[in-house]
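Student: have a look; sequence and predicted model below, questions after that.
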Amino acid sequence: MGSNEVSRRLFLQGSGSFVGSAALRAGIPGLAALAQIACSARDSAAAFDILTANEAQELAAIASRIFPTTDTPGAHEAGVIWFVDKAMGDFMAPQLEFLRGGLSGFQDGIAGNNTFSSLDEDKQDEYLGSQEQTPFFGFVRFLTLMGMFGMSSYGGNRDQVGWKLLGLNPGQHAYQPPFGYYDAEHRKGESNGD
């Protein structure tokens with residue numbers, strides 16, 4: 001058995017755990033409907049369906065510090081908060097209370113009755129640094145990355161800015177090896193299928 005077969009087998013065994021995940025249980029038709037609704041709301045700047053305006057403002061501020069706008073687009077430009085709103089109303093609905101409770105606790109830790117969004121960027125970064133090991137921060141970071149790099153049809157990754165940051169062509173649906181430097185180095189020793 002070649003090393004490719006073993007790695008394929010291990011990949012399939014590992015991917016089996018995803019079958020029971022909430023995201024896949026939502027089903028393709030449900031995700032397609034969610035995608036259309038999320039994009040329509042995001043593009044028209046409509047009110048949020050699940051998050052309150054205050055929750056959305058604070059979560060958007062957190063996401064914008066997790067993936068800030070620099071000389072490249074960040075979470076704000078990608079519309080991450082629209083992904084979070086739609087996800088909390090659909091396949092991540094069981095996590096909504098955790099998100100709300102975590103946000104309340106997160107806000108309670110800010111001195112002077114301030115909100116996270118009211119702090120300047122340096123204070124926001126300092127406070128986030130003190131929260132990096134909390135489950136709430138880990139969850140919001142996960143949501144931010146999903147909204148940043150997921151399919152734009154799910155509400156985030158507006159105009160495929162996340163994919164473009166990775167150097168992916170949104171119109172290309174398949175890639176041929178070598179995929180990266182690691183693959184190119186390995187293939188240097190191969191010739192004509194040897």
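Tutor: Okay, I see it.

Student: hmm, who's touching stretch 74-83?
Tutor: By C-beta atoms under 8 Å, 6 or more residues apart in numbering, the residues outside stretch 74-83 that reach it are 38, 41-42, 48, 51, 56, 59-60, 63-64, 66-69, 143-144, 146-148, 150, 154-158, 161-162. C-beta: built from backbone N, CA, C; applies to glycine.

Student: and for stretch 139-153?
Tutor: 32, 35-36, 38-39, 59, 62-63, 66-67, 75, 78-84, 87, 92, 95, 98-99, 102, 154-160, 162-163, 166, 170.

Student: run through this protein and note the low-pLDDT ranges.
Tutor: Applying pLDDT under 70 to the chain flags residues 1-46, 172-173, 175-194.

Student: helices of that one, start to end?
Tutor: Remark: helices assigned in the chain by DSSP state H are 3-15, 22-25, 28-44, 53-66, 75-78, 80-88, 96-108, 121-131, 135-149, 161-165, 181-188.

Student: and the gap between residue 134 and residue 52?
Tutor: Residue 134 sits at a distance of 22 Å from residue 52 (criterion: C-beta to C-beta, to the nearest Å).

Student: in terms of neighbours, single out the busier of those two.
Tutor: Set side by side, residue 134 and residue 52 show more neighbours around residue 134, with 14 against 11, by other C-beta atoms under 10 Å.
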